[in-house]
Structures are given as C-alpha cells and as structure tokens.
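In: What follows is a predicted structure for the sequence shown.
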There are 2 protein chains.
Amino acid sequence: MSDDSTLSKPSVLEVARQDDGEFVEPLKLGKRLKSIRLANNLTLEEASRLTGLARSTLSKIENELISPTFQAVQKLTAGLGIDIPQLFVPPEVGVQANSRRDVTRAGEGKPHPTTTYEHELLANDISQKKMVPFKCTVRARSFEDFDDWVRHEGEEFLLVLSGSVDVYTEYYEPVHLSEGDSMYYDARMGHCLVSTSESDAMVLWVTTR
Amino acid sequence: MSDDSTLSKPSVLEVARQDDGEFVEPLKLGKRLKSIRLANNLTLEEASRLTGLARSTLSKIENELISPTFQAVQKLTAGLGIDIPQLFVPPEVGVQANSRRDVTRAGEGKPHPTTTYEHELLANDISQKKMVPFKCTVRARSFEDFDDWVRHEGEEFLLVLSGSVDVYTEYYEPVHLSEGDSMYYDARMGHCLVSTSESDAMVLWVTTR
DNA sequence: AATTAATATTTCCTATAGGAAACTTGCGGA
DNA sequence: TCCGCAAGTTTCCTATAGGAAATATTAATT
C-alpha cells in the first residue's frame, strides 16, 4: 500500500497506529459475524443457505483467513438481517451480549470517527438493541459541500446539547436548532448537520434500526 | 432458539427468507463512489493517494468492472471520509410522507404528566413513531419507597442532562449517574429514578415501543 | 469406549480483485 | 495543427477470495 506521508485522514488499515487506542480494526469482522450467527443459533450450513455463501467461505471469513468481498458482505448482511453500520462499530470488549443494563459514563463512549462528524457511541453491542444512541460533535465548518448527506432506514431523534446547528433535510428548508431544541425525523429522508456556532456543536442522536 | 426471554433480538430468520434467487444488487456502488469523488474535486490519482488503492483499481471499481473487496471498501470510506451506510442504502427514498420531520423547540414540548415524574414530550404524534423521546424532571426527593417502579415492553435509553440521579433497577445494584452519563436498558426490567442532587435533575429519555 | 451424526475446518482448484505499466482520450497553448 | 500533459482506461500478471469436497472435530447415543 502506498504510504500516505502527510494525510490527515485516518486510513483504516494503518489504524493500528491511531494510538489513542481503539478504532474499528478491519478484521474484527469475522468475530463479530460469528457472534451474530451464534446469537441467532445458526449453523454454518443454515447461514450458508440464508446468505448464499459456501459453508467453507463463511468459516474462513469468521476465522479471518480471508477478507470477504464487498459482494460477500452484502450477501451476509442481507441474509442475516444485519445492519451494516453494526459491523463498523467498535467491537464489544466483553463477549457477553445479554446484559440488560449498559451504562456509559460521560466521555467514555466508544469513538467512531468519520471526517464530518465525530461519534461517541453510548451503548455497547448495538446489534442486540433497537436503538443506537450516540453523542456527536458537529464540526464548525463552512464546508459547503453537503454531499455527505446521510440517508438510511429507520427513524432518528436528535437533541442539541450545546452550540447550534443547521439541519438540512431533503424535502424541507433547512432548520436552525439551538441548544435544547430537538427534532424527530424519518432517516430515509436525506439529512445533514452543520454547526453554526463558531465552536463545535454537540448533538445527542438516537437512531432506530 | 426459543430463548426470547431476555432480549428481543432482531429475528434474523424471518428477515431473510431465502427465495435465494435474486442478487443483492451489488452495483450502484461504482457510480456512487465516482460522484463522491467528483464532488470533492479529486482525481483518481489523488483519490489513490488518499485511499491507498491503485488508480487502475479505482477506475475499475467506479466503472463497475470489478466488485471491490471489503478491505478496499474500508480504505475507500476511510480515505474519502464517506460514511459507510451511505454506500449501502439505495438512494430511492420511497414515498414522501407528510410529516417526515418534527421539530420541538427547547421548552416547548407537550407536557405529559404522570404520577412519578414530569415529562415533556419531544415529539408529536408518537403513535406513528418507533421511539418516544421526552425530557423529564426528576424531583429531588428523599422519597424512599421505590415501589413506583416502572416495567414495560421495549428498551430505554437515558442521558442525564443536568444534576445527578440514582437508577434503581431490578437485577442490579443501583447505579449513580452524573451529568453526561447515560444508560441503555431493557425496560421490562423494573426501573426507577431518584434525583440525588439537591435540585431537580433533568434526564433525556428515549423509549422504544 | 465406540459409532454415528452433525458441525466446522482445510485442501485444492477456479474465478476474480488489485497493482504496475502501457495505452487512450481530452484539452490547452505555442 | 501539432505537441505535451494530465486524467482516465485497459492489459497483463500476481495475489487472493470463493466453492466443492475431503478431512477433522465435536456432540450425542448406545
């Protein structure tokens, strides 16, 4: 791989050196898939039928002997009903999934960086949950290319914790939200947040799956 | 398989009735990536440096001559700052419902009194929604009889906006939450909040239905 | 323990993704 | 018009993912 030199963006593969620790390292994927499969009491054979991938392939993926194709990932997620973002979310540390209670201390959520926003996940093992809560720093940016709209299944609720933001949505005029304002919307409608405060804004976000 | 007693898991099996036949529509991806790259005024060369993938590879991916590896997708999204769900969610947005967006101004939520707490609903028409968000004032009380536990279907997320509270739950020791702390739990487990700050505490609550 | 049935892993082979470099296309300037 | 450069595409080759079947492992039953 050509080594970047001066890039600001974290490239996933070098992530190992993203030193303040944990980020989604690329091949935790196998473990996660396996735990999802097991959580649903599926054998490789059954998973194979559901996904259309060979038993052997599934085995290799789970044991991280190969890195699946994009197509394969799609088949997996489609067949097993996994929501893709789950796969990119930092893996749960403790293996156990069945905790009924899950406390996240202020500032201790798992980071989930993207260029535009910086997420801090407020729950573990979201694959088992109906909602995904995270706190998000919306960068103060003049960055006007809203091509980073997001659009996905489900509904979203957001509450401005500090600062203020403009919310751009697909079918509406942009709306300005100040601290304490909140909004509920259909996430299939394209949406995008921009901070309008000179400093960054903090937003609480809860998404259904 | 029959173990539904703990958490309602996403029922994988139903989702994926495998009439096997159809393909997972692997190929919108290229176009999408191309438009993202162009929107950022990147040449293939630059994108190559950012992502660590060869020019030629990028070209082939964009023109849908090959289906990228999962690793390649990761490099792409990391390098270009794309949010992965974008790539998977088809742009078609379906029917435009009339209320896709629902803004609630700070302090303007509808009051929703119950015996124990005082709620301020943060969304309208909650019967249509998958989540119910509300802000809640937890009274500073010494009130010790926690017999007003609540227990109901669904899952809950809560975030302490101000003050601090003790959360009593059925199967665990009470946990103390300060401002900024949050918690996710199965609402069928009995739960109850008590403010421990001398003034009232404010809690954001989101519940599934 | 021994046998079998079920599940998971490994092997071997083919299909295909990815990289380097050759080739093509498009475009601006003398 | 021609040249030259830059962006994109194609070719050719190597590395690796995916499938079928063999092998190994685990679990259940007698």
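Out: Ah, there it is.

In: Domain map for chain A?
Out: Listed by automatic domain parsing, the domain ranges of chain A are A:26-88, A:110-208.

In: For those, which has the smallest mean pLDDT value?
Out: Looking at the domains of chain A, the lowest mean pLDDT belongs to domain A:110-208 (a mean of 69).

In: Quick check: bridge partners of A:Cys192?
Out: Beta-bridge pairing of A:Cys192 under DSSP bridges involves A:Tyr168.

In: close to DNA strand D, is stretch A:36-53?
Out: Yes: residues of stretch A:36-53 are located near DNA strand D by C-beta under 7 Å from any atom of the strand, namely A:Gly52, A:Leu53. For glycine as for every other residue, the C-beta is placed from the backbone atoms N, C-alpha and C.

In: start to end distance for that stretch?
Out: 16 Å (C-alpha to C-alpha, to the nearest Å).

In: Is any residue of it near chain B?
Out: Yes: counting by C-beta under 8 Å from any C-beta of the partner chain, chain B has neighbours in stretch A:36-53: A:Ile36, A:Ala39, A:Asn40, A:Asn41, A:Leu42, A:Arg49, A:Leu50, A:Thr51, A:Gly52.

In: Any buried residues in that stretch, and which?
Out: A:36-37, A:39-40, A:42, A:44, A:46-53 (16 or more other C-beta atoms under 10 Å in any protein chain shown).

In: what's the most distant pair in those?
Out: Pairwise distances across these peak at 20.6 Å for A:Ala39 and A:Gly52 (criterion: C-beta to C-beta).

In: Now do the strands in chain A.
Out: Ranges of strands within chain A are A:101-104, A:110-113, A:117-121, A:131-138, A:155-162, A:165-169, A:175-177, A:182-186, A:191-195, A:201-208, based on DSSP state E.

In: TSV for those strands, including mean neighbour count and distance to A:Lys31?
Out: TSV is the format used below for these (neighbours: other C-beta atoms under 10 Å in any protein chain shown; distance: least, C-beta to C-beta, whole Å):
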stretch	mean neighbour count	distance to A:Lys31
strand A:101-104	19	20
strand A:110-113	18	16
strand A:117-121	19	18
strand A:131-138	23	20
strand A:155-162	22	29
strand A:165-169	20	36
strand A:175-177	17	39
strand A:182-186	24	33
strand A:191-195	22	32
strand A:201-208	21	24
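
In: Kindly reformat the ones you listed as TSV containing distance to B:Lys130.
Out: Formatted as TSV, these follow (distance: least, C-beta to C-beta, whole Å):
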stretch	distance to B:Lys130
strand A:101-104	20
strand A:110-113	22
strand A:117-121	19
strand A:131-138	9
strand A:155-162	5
strand A:165-169	18
strand A:175-177	21
strand A:182-186	10
strand A:191-195	16
strand A:201-208	5
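
In: For A:Lys60, find the nearest of the ones you listed.
Out: Evaluated over these, closeness to A:Lys60 peaks at strand A:110-113, with 27.3 Å, by C-beta to C-beta.

In: picking up where we left off before, now distance to B:Glu198 too, for the buried residues of stretch A:36-53, in JSON lines please.
Out: JSON lines is the format used below for the buried residues of stretch A:36-53 (distance: C-beta to C-beta, whole Å):
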{"residue": "A:Ile36", "distance to B:Glu198": "46"}
{"residue": "A:Arg37", "distance to B:Glu198": "50"}
{"residue": "A:Ala39", "distance to B:Glu198": "44"}
{"residue": "A:Asn40", "distance to B:Glu198": "48"}
{"residue": "A:Leu42", "distance to B:Glu198": "52"}
{"residue": "A:Leu44", "distance to B:Glu198": "58"}
{"residue": "A:Glu46", "distance to B:Glu198": "57"}
{"residue": "A:Ala47", "distance to B:Glu198": "55"}
{"residue": "A:Ser48", "distance to B:Glu198": "60"}
{"residue": "A:Arg49", "distance to B:Glu198": "60"}
{"residue": "A:Leu50", "distance to B:Glu198": "56"}
{"residue": "A:Thr51", "distance to B:Glu198": "56"}
{"residue": "A:Gly52", "distance to B:Glu198": "61"}
{"residue": "A:Leu53", "distance to B:Glu198": "59"}
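
In: For chain A, just list every one of the helices.
Out: A:29-39, A:44-51, A:55-62, A:70-80, A:84-88 (DSSP state H).

In: Give me the angle between the second one and helix A:29-39.
Out: Here helix A:44-51 runs at 100 degrees with respect to helix A:29-39, directions being taken by axes from the mean of the first three to the mean of the last three C-alpha atoms, to 10 degrees.

In: Which neighbouring elements make contact with helix A:44-51?
Out: Under the contact definition 3 or more C-beta pairs under 8 Å, 6 or more residues apart in numbering or on different chains; DSSP states H and E, helix A:44-51 sits against helix A:55-62, helix A:70-80.

In: partner residues bridging A:His176?
Out: According to DSSP bridges, beta-bridge pairing links A:His176 with A:Asp166.

In: Tell me the spacing between it and A:Val167.
Out: Look at A:His176 and A:Val167: by C-beta to C-beta, to the nearest Å, they are 8 Å apart.

In: thinking again about what came up before, so which of the helices and strands packed on helix A:44-51 is nearest chain B?
Out: The closest of those to chain B is helix A:70-80. By C-beta to the nearest C-beta, the value is 4.4 Å.

In: for the closest one, packing partners?
Out: helix A:29-39, helix A:44-51, helix A:55-62, helix A:84-88, helix B:70-80.

In: Highest mean neighbour count out of the ones you listed?
Out: helix B:70-80 (a mean of 23; mean count of other C-beta atoms under 10 Å in any protein chain shown).

In: quick check: angle from it to helix B:55-62?
Out: 100 degrees.
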